[in-house]
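Visitor: Provide a 3D model corresponding to the input given below.
(2 chains)
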2 protein chains.
Amino acid sequence: MVEPLFLGAIEAGGTKFLCAVSDRDGATLTQTRIPTTTPAETLSAATAFFAEAAERYGALAAFSIGSFGPLSLNPVANDYGCITSTPKQGWQNVDLLTHFRRTIAAPTALDTDVNCAAVGERLFGSGQGLDTFCYVTVGTGIGVGVLINGAPHGGANHPEAGHIKLPRAAGDDEFAGICPYHGDCLEGLASGPAMHARWGVPAETLPSSHPAWDIEADYLAGLCATLTYTVRPDRIIIGGGVMQPPMYDRVRRMLTEKLAGYDASMRAIDMADYVAAPTAGSSAGLTGALALAYRKATRQWPMHWAVAETTSIDAETANA
Amino acid sequence: MVEPLFLGAIEAGGTKFLCAVSDRDGATLTQTRIPTTTPAETLSAATAFFAEAAERYGALAAFSIGSFGPLSLNPVANDYGCITSTPKQGWQNVDLLTHFRRTIAAPTALDTDVNCAAVGERLFGSGQGLDTFCYVTVGTGIGVGVLINGAPHGGANHPEAGHIKLPRAAGDDEFAGICPYHGDCLEGLASGPAMHARWGVPAETLPSSHPAWDIEADYLAGLCATLTYTVRPDRIIIGGGVMQPPMYDRVRRMLTEKLAGYDASMRAIDMADYVAAPTAGSSAGLTGALALAYRKATRQWPMHWAVAETTSIDAETANA
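Guide: This next block holds a predicted model:
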């Protein structure tokens, strides 16, 4: 008989912490959704959830945190495991890793929310069968997860490709950008809040004929071109609230223009395949975080997990 | 007694092909320098060199090509092993790999010139002890090699980060750029020939007080910022004829400004360490290509090679 193995994971976001405990097959045993308020309140509630789960099921074999950032992921840095210079009020320099290491006695993995979502997409979504791809989410910020040779890319720290600078799109010379650090970096020009600031209304209320969307597509195609020339991914998966369905073809068309036929290997690719929507659902990040915990416990990725058994918690359906 | 093991390698450049045969310790047995003229002429001369070497020393255990590009590095592509859309006259769609596979009976490795130079820097230069770093050369083009977890990064194909687009530097609005594909991409604005076209004289003749150098440093700092946010390297090694010594501090200062204090992990780094000059010498590319051949033959990197024994061929010292 196979020993039971319990995995815990958190997807820590700016509006909610999703927490789950699964078995070795990724099947959810218990889960909860905690609003992101103050660090003290939110972290205590998460700790209480895992303490209760441990009483019910037994100790976790491994635990994992997929978090918003920037996170310090360098194990030798003083601030390893901390959320560092986030604009999220009250969450600067919060030491996530130490908090959970003190309260959960299990080996702990740590990565960004977008890298976890990329892992989720590789297991059950648009990243299946791919070794090297990017996962981009365009919402309250612009986050980019990068999988290289099947594993989340860390390097000296995690990629922050939302903060690259691109040339201004035609007709977008006035708006100063809203990134508190860089002003008109990509996130400062093209995130949801940037669109809101530029046009005075939420992005999702702008009709698809509004010039906002061509400007937005230009910036996202610029991001795709930069990722193509630096990371050389097999695919770029783009999701998030700002990526309404009509945007995909605009981004693909503008990306083709920007690549301009350079490099035969890019000419041969099918843009509809190269720039794709995520398909693993809103629980991809939490599933990916559970997969990281599985890898922490077993040193392997869970290639046997079945999508139907994994958590389907999300903002709409989950209750504490 | 250890069996003898002979390795062959070419560093294929736009002006010269450097060819060498070494033993298992990386010590050069014979080497030559062939001018890059027509593919027929240059490739025949290289073939003849390796045929003669094989007669003298015996068959090669492995062979490796480090070439200018863009190269097709995707083993399943029709054009695998070809130089594709190069601006180098007469060299478009030249099938390097097939040529040498027909004439050299040895397992063959293939990578870009800059990835090979990065491998050379890791063995004997500024990349020693680092797992993930970038190697940038700024000369007739802007080439970027990327090592990730100790191995050259390929992905869907090799990085072409010289072709990213960046915002125009202050005071550089007029010049259209010279990239035949992208116009004012980084290479189109900041390569040696781009500087020559913009200022009317070769870059190396411009005094260090000329405004050209601030513009150049702005673009190279922009490249470093983009590489930082996408690849997350431990170091960025920059060399090439355009990178005169006074440029390093300018690039470092402008990079610090561009990063703007975002991300605590970047605030802590020492810029003098992060943006560094190459130190493995002009033979780094050929040494790296020999190391690729070693890995092809043994499945391991040659961590025991001593710098003094490896080839020191270069443009100045080598004779055919």
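Visitor: the stretch 101-250 of chain A: helices as residue ranges?
Guide: For the stretch 101-250 of chain A, the helices defined by DSSP state H, counting those that start in this stretch occupy A:113-124, A:186-190, A:192-199, A:212-230, A:246-259.
Visitor: deepest of these, which one?
Guide: helix A:113-124 (a mean of 29; mean count of other C-beta atoms under 10 Å in any protein chain shown). Backbone N, C-alpha and C define where each C-beta goes, glycine included.
Visitor: can you tell me if that helix touches chain B.
Guide: No: judged by C-beta under 8 Å from any C-beta of the partner chain, helix A:113-124 stays clear of chain B, getting no closer than 11.5 Å.
Visitor: quick one: which of the helices of the stretch 101-250 of chain A is nearest residue B:194?
Guide: helix A:212-230 (17.0 Å; C-beta to C-beta).
Visitor: chain center to that closest one, what's the gap?
Guide: On the basis of C-alpha atoms, centre = their mean, to the nearest Å, helix A:212-230 sits 18 Å off its chain's mean C-alpha point.
Visitor: please name every helix or strand in contact with that helix.
Guide: Under the contact criterion of 3 or more C-beta pairs under 8 Å, 6 or more residues apart in numbering or on different chains; DSSP states H and E, helix A:212-230 touches strand A:133-138, strand A:142-148, helix A:186-190, helix A:192-199, strand A:235-239, helix A:246-259, helix B:211-230.
Visitor: tell me how many other residues surround residue A:290.
Guide: 35 (other C-beta atoms under 10 Å in any protein chain shown).
Visitor: elements contacting the strand or helix carrying it?
Guide: Using DSSP states H and E, the element containing residue A:290 is helix A:284-298. With contacts taken as 3+ C-beta pairs under 8 Å, 6+ apart, helix A:284-298 sits against strand A:7-12, strand A:16-22, strand A:62-67, strand A:108-112, helix A:113-124.
Visitor: excluding chain neighbours, what is closest to the residue of the stretch 51-200 of chain A found nearest chain B?
Guide: Going by C-beta to the nearest C-beta, chain B is nearest to residue A:155 of the stretch 51-200 of chain A, at 3.0 Å. Spatial nearest neighbour of residue A:155, chain neighbours left out: residue B:232 (3.0 Å); criterion: C-beta to C-beta, 6 or more residues apart in numbering or on different chains.
Visitor: just to revisit the earlier point, please point out which parts of the helix holding residue A:290 sit buried.
Guide: Under the neighbour-count criterion of 16 or more other C-beta atoms under 10 Å in any protein chain shown, helix A:284-298 has A:284-297 buried.
Visitor: could you dump those to a markdown table with pLDDT?
Guide: As requested, the buried residues of helix A:284-298 are arranged in a markdown table below (pLDDT from 0 to 100):
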| residue | pLDDT |
| --- | --- |
| A:284 | 94 |
| A:285 | 95 |
| A:286 | 96 |
| A:287 | 95 |
| A:288 | 96 |
| A:289 | 97 |
| A:290 | 97 |
| A:291 | 97 |
| A:292 | 96 |
| A:293 | 97 |
| A:294 | 97 |
| A:295 | 96 |
| A:296 | 96 |
| A:297 | 96 |
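Visitor: which of those lies closest to chain B?
Guide: residue A:295 (15.9 Å).
Visitor: correct me if wrong: that closest one contacts residue A:111.
Guide: No: under the criterion of C-beta atoms under 8 Å, residue A:295 is not in contact with residue A:111, lying 10.5 Å apart.
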